[in-house]
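[1] Show me how the following folds:
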Amino acid sequence: MPGTRLIVDKVLDKQFPALKSMVMCFEDAIRAEEVAVAEENVLKQLERMARALDKGTINENDIPLIFLRVRNVEQFSSFAEQLSRDQAHIISGFVFPKFSSDNAIDYLNQLRWLNQRLDTRLYGMPILEGKAIVYRETRTEELNNLREAMVPYKSLILNIRVGGTDFSSFFGVRRAINASIYDILPVRDALSDILNYFNRIEEGYTVSGAVWEYFLAYKQDDLSHLLEQNLNRSLLTLQPILNDAIDGLLREVLLDKTNGFVGKTVIHPSHLKYVNAMQSVTLEEYEDAQQILSVGDGVIKSEQNNKMNEANPHRNWARRVLSRAQAYGVIENESEFVQLFIESSADKPLPLPIH
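    As a prediction, the model looks like this:
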């Protein structure tokens, strides 16, 4: 959301219980001449939240994880000088746009310095979205350089994000509402290589999915009719579910999860309940993961008697499933995704119990 936007009152009034993290932007969401106004606006809002926290009118769980997307290294350095320890306590970190081998060390050094100055723990979320990554002839060298540059700062990198919109812009294309980012071939290739470098088990990073840019008028939809539907089957067969914008979002989230992305950048409140709910783990996945990790090696028939669980090759998958279960919870089956949509629509936090 633009850094010029006033969000503090909605946070203090707890208007969006499903909002668990947000980014206030000093970059593409505002014009260059608005940066100073946006910085002042953000600092004032952080100060108000800090005072409310100090007075006990809200607690830390009422405040989403707040990240600030800086404009460039110079603006990040300038803003960091203005940030107080109380204000820093409200935020969780910074988003680094156009993150490349040319600026990676500068961004990460500045982040480390800020943590030392304020004696705090702020994280970085680089966005991989530049020409050197999406263009085939420079991609391998750039990804190698980035991986090497990030190693000393690995504990400060909370999440690696990808710029599907920026990648598309270099080819003058844009995915349609009934397509996914994976249908744009040069973008798909770049995303694939990013996962290859940073989503390997030994690398230990979390990579989140590209933004979905379509939304319709924000309203509370009646979702009860979806309870009778097999959501995954409808998504895979392109059967209409709710509307083109949400159907497309859900299909892309399924593809994100299949490929190893965790989470997704969201640009509209109407997307929150869908993206949050779709991260949860089904009981069948959870039982398979537990079974795989409970044996040394060999092949076992799954609890559902419908698949082969092979201990060694499936072990990494199982560990990731259990990690996701700890964060997002376990649901009985895929039909409960819809139940989570409905419960979140009632302005309640998503209940994701672990069985």
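[2] what mean pLDDT would you report for the helix or strand that contains Ile246?
    In this structure, Ile246 is located in helix 244-259 according to DSSP states H and E. Average pLDDT, helix 244-259: 92.
[3] which helices and strands does that helix pack with?
    Using 3 or more C-beta pairs under 8 Å, 6 or more residues apart in numbering; DSSP states H and E, the elements in contact with helix 244-259 are helix 185-198, helix 231-236, helix 272-278. C-beta: built from backbone N, CA, C; applies to glycine.
[4] partners of the following helix or strand past the last one in the sheet?
    Counting by DSSP H and E, the element after helix 272-278 in chain order, helix or strand, is strand 281-282. Its sheet considered, strand 281-282 pairs with strand 330-331 (parallel) by DSSP bridges.
[5] Strands of this structure, residue ranges please.
    21-25, 65-69, 91-96, 123-128, 161-162, 281-282, 299-301, 308-310, 330-331 (DSSP state E).
[6] Adding mean pLDDT and mean neighbour count as columns, could you present those in TSV?
    Compiled in TSV, these are given as follows (pLDDT from 0 to 100; neighbours: other C-beta atoms under 10 Å):
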stretch	mean pLDDT	mean neighbour count
strand 21-25	94	20
strand 65-69	97	20
strand 91-96	98	23
strand 123-128	98	23
strand 161-162	97	26
strand 281-282	94	21
strand 299-301	88	13
strand 308-310	90	14
strand 330-331	93	23
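[7] ok, now which residue in this protein is the farthest from the centroid?
    Gly298 (35.1 Å; C-alpha atoms, centre = their mean).
[8] what residues are up against the residue lying closest to that residue once chain neighbours are set aside?
    Nearest in space to Gly298, with sequence neighbours left out and distances taken as C-beta to C-beta, 6 or more residues apart in numbering, is Ala311 at 5.7 Å. Contact analysis of Ala311 by C-beta atoms under 8 Å, 6 or more residues apart in numbering lists 292, 295-300.
[9] ok, which pair from those residues is furthest apart?
    Gly296 and Val299 (11.9 Å; C-beta to C-beta).
[10] follow-up on the earlier one: lowest mean pLDDT across the helices and strands packed on helix 244-259, which one is that?
    In terms of average pLDDT, helix 231-236 trails the rest of the helices and strands packed on helix 244-259, at a mean of 64.
[11] Looking at the helices and strands packed on helix 244-259, which one is packed in the most?
    Of all the helices and strands packed on helix 244-259, helix 272-278 carries the top mean neighbour count, a mean of 21, counting by mean count of other C-beta atoms under 10 Å.
[12] Please enumerate residues in contact with it?
    Outside helix 272-278, the residues within contact range by C-beta under 8 Å, 6+ apart are 16, 18-20, 246, 249-250, 253-254, 257, 263-264, 266, 328, 337, 340-341, 344-345, 350.
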